[in-house]
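Asker: My questions are about this predicted structure, shown below with the sequence.
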Amino acid sequence: MTKTQFPDNRKISYKTLLGTAVALVAFFLLLTSVIGLAEKYFAIKGRTKELKKQQAALILKEQSLMEQNAYLETEEGKGQVLRAKFNVVHPGEEMIVLLTPLEVEQPPVKEQSRLGHWWDAIIHGLGIKKEN
């Protein structure tokens, strides 16, 4: 007599097999939903960190703008804006205007042919100066 893994007198019923299959499908569905939720959780957690950094930067920018607005409310700030935007001077001051020099167009350089370039190299090599 040979031994088998399952004895002959014990049979697996279709109900047991069907119940096991349903349990496995339910387990895998739950597992995939838990994995999906975990991925969403970590994505939201990362995005929250990014948003907190942006919030801190915006708070600093807001403070800077508030200080700048407070400065522009003063007479000195208003004067600075008038000077910058409208070139206003106070009585007794003089304005100096600096102009940039105009660029003069250079005449186009005439390109030499290979033969001309070769001939100039020979003349230069002999020490003969070329007259313009």
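Answerer: Perfect, thanks for sending it. As the structure is a computational prediction, the values presented were derived from the model and not from experiment.

Asker: Sketch out the low-pLDDT regions of the chain for me.
Answerer: Across the chain, the ranges flagged by pLDDT under 70 are 1-10, 129-132.

Asker: Can you list the residue ranges for helices in it?
Answerer: 14-73, 75-86, 114-126 (DSSP state H).

Asker: need those in a markdown table with mean neighbour count and distance to residue 105, can you?
Answerer: Backbone N, C-alpha and C define where each C-beta goes, glycine included. Formatted as a markdown table, those follow (neighbours: other C-beta atoms under 10 Å; distance: least, C-beta to C-beta, whole Å):
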| stretch | mean neighbour count | distance to residue 105 |
| --- | --- | --- |
| helix 14-73 | 10 | 44 |
| helix 75-86 | 11 | 34 |
| helix 114-126 | 10 | 25 |
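
Asker: Let's have these in TSV, adding distance to residue 100.
Answerer: Shown next, in TSV, are the helices of the chain (distance: least, C-beta to C-beta, whole Å):
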stretch	distance to residue 100
helix 14-73	30
helix 75-86	19
helix 114-126	37
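
Asker: for those helices, which one sits closest to residue 101?
Answerer: Closest approach to residue 101 among the helices of the chain (C-beta to C-beta): helix 75-86, 24.7 Å.

Asker: Which strands and helices lie in contact with that closest one?
Answerer: Packing contacts for helix 75-86, counted by 3 or more C-beta pairs under 8 Å, 6 or more residues apart in numbering; DSSP states H and E, involve helix 14-73.

Asker: so what's the backbone phi/psi at residue 12?
Answerer: Per-residue torsions, residue 12: phi -90, psi 130 (degrees, to the nearest 10).

Asker: could you measure it against residue 18, distance?
Answerer: 11 Å (C-beta to C-beta, to the nearest Å).

Asker: now residue 88
Answerer: Distance from residue 88 to residue 18, counting by C-beta to C-beta: 91 Å.

Asker: wait, which of the helices of the chain is closest to residue 96?
Answerer: Of these, nearest to residue 96 by C-beta to C-beta is helix 75-86, at 13.3 Å.
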